[in-house]
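Colleague: Build me a model:
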Amino acid sequence: MGSLLIEEFLRSTDCVIYALVRGKTKSSARTRLFEMLEKVIETRMPHEVLEERVKICLGDVSEPGLGMDDKTLARLKDADISTIYHSAAITDLMAPITRLRKTNTLGAKNVLDLALDLRQFGVLKKINHISTAYVAGDKCCVFKESDLDVGQGFYNAYEKTKYEAELLVREYRDKGLDIDVFRPSIILGSYKDGKTTNFKMFYQPLHFFSLMLYDRIPASPDAVPNIINIDTVAKAIYLISQKPVHKNKTYHIVSPQTVTLKYVFDVAEEYFGYPMPELVPGEELDMNAEYTPVLKRLIKPFIPYFNYFTEFDMKNTLEALDGKNFEFPEFDEDNLLRIYDFCYRCGFIKRKTSNVIIR
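Modeller: Numbering: from 1, shown residues only. Next up, the predicted model:
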């Protein structure tokens, strides 16, 4: 997400970007970021151009002051930072809450504290906080952009810690910060070519299925896990964040088109050549009896999303994108096939057949 947002700014503006990057040294951090940028930037940029436009700040979002040394902090205070984009997060559904909270919750607080500090020294106008639509937790039916604390429970520590971060955002709005919140749904590879650097969420269970580990899974074929392309998310966030809108708004960056779980799996079965597990109602499957402890542990984090029916209102998003020459691409078979083909070409999921069916 961060690299794609940087790419949007490099292509559409002449601004200077200060990027917080983890690493043992500034040189290694620069190398890692520039290599990532080269993978996503359509027109290759010389390193000297990247050096001029993208300034590396060595640090860690989970540390006070974002782990930056005094010299770097002083440089930021003199740089007239106008906007902060906070996209750093751990998205591992199996990670312990202590690890997730350190980055997702405390990291958000550290960013907001720095924003309060920078506001005293420059022209800071806006913080754009990247959250997730799944702060909705187990809330059923429709989850509005204005909703947050609606008495929901959470399926995992990732959802909970991102929810906690949004509670902090509300506190810091009361301290005078202008903070917009962007809530993407389940992010998959790019629409253009299926590329991704993060093989989590739906990628992992598809990998398990390709190994023929499961005959049946507790899932509803009619479930509607909202999936969206990473480049679509980055473009939408960029466009909305450039538009002068009302302060302190929340935007659901989700697909207006719903596709069923069965459709996603059917296309995967067609491409990879492996039979997908039978989708059966949860009450008909005893995981303790049918799965080994390891198989149960592997699949358990994904079961809520295999039985997901919550809809995400996106009124603010559609209003903000109106007139921006932007359309949400259709999540059709060709879109999914590009995503699956990238998985295959990267070696993440093998194919049973060698027939090429990309259109």
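Colleague: tell me the strands in the stretch 251-359 of the chain, going along the chain?
Modeller: 278-280, 311-312 (DSSP state E, counting those that start in this stretch).
Colleague: Any stretches of the stretch 201-350 of the chain with poor pLDDT?
Modeller: Scanning the stretch 201-350 of the chain for pLDDT under 70 picks out 245-246.
Colleague: quick one: the helices in it?
Modeller: Per DSSP state H, counting those that start in this stretch, the stretch 201-350 of the chain carries helices over the ranges 203-210, 230-242, 261-272, 287-290, 293-299, 315-321, 333-346.
Colleague: likewise the stretch 1-150 of the chain?
Modeller: Under DSSP H, counting those that start in this stretch, the stretch 1-150 of the chain gives helices at 2-12, 26-40, 47-53, 70-77, 97-100, 106-119.
Colleague: Name the residues that touch the last one?
Modeller: Going back to what we said before, that points to helix 106-119. For helix 106-119, the external contacting residues (C-beta atoms under 8 Å, 6 or more residues apart in numbering) are 61-66, 76-77, 81, 84, 86, 88-89, 124, 127, 129, 165, 168-169, 172, 175-177, 179. Backbone N, C-alpha and C define where each C-beta goes, glycine included.
Colleague: mind running it again at 7 Å?
Modeller: By C-beta atoms under 7 Å, 6 or more residues apart in numbering, the surrounding residues in contact with helix 106-119 are 61-66, 76-77, 81, 84, 86, 88, 124, 127, 129, 165, 168, 172, 175, 177.
Colleague: Of the residues you listed, select the buried ones using a PyMOL command.
Modeller: With 16 or more other C-beta atoms under 10 Å as the burial test, the buried ones among the contacts of helix 106-119 are selected in PyMOL as follows:
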select buried, resi 61+62+65+66+76+81+84+86+88+124+127+129+165+168+172+177
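Colleague: Report the separation between Tyr203 and Asp70.
Modeller: Here the criterion is C-beta to C-beta, to the nearest Å. By it, Tyr203 lies 41 Å from Asp70.
Colleague: Have a look at the two and say which one is more surrounded.
Modeller: Tyr203 (18 against 8; other C-beta atoms under 10 Å).
Colleague: that older thread, Cys140: which of the strands of the stretch 251-359 of the chain is closest?
Modeller: The closest of the strands of the stretch 251-359 of the chain to Cys140 is strand 311-312. By C-beta to C-beta, the value is 9.5 Å.
Colleague: what does that closest one rub up against?
Modeller: Contacts for strand 311-312 (C-beta under 7 Å, 6+ apart): 133, 141-143, 185, 226, 252, 254.
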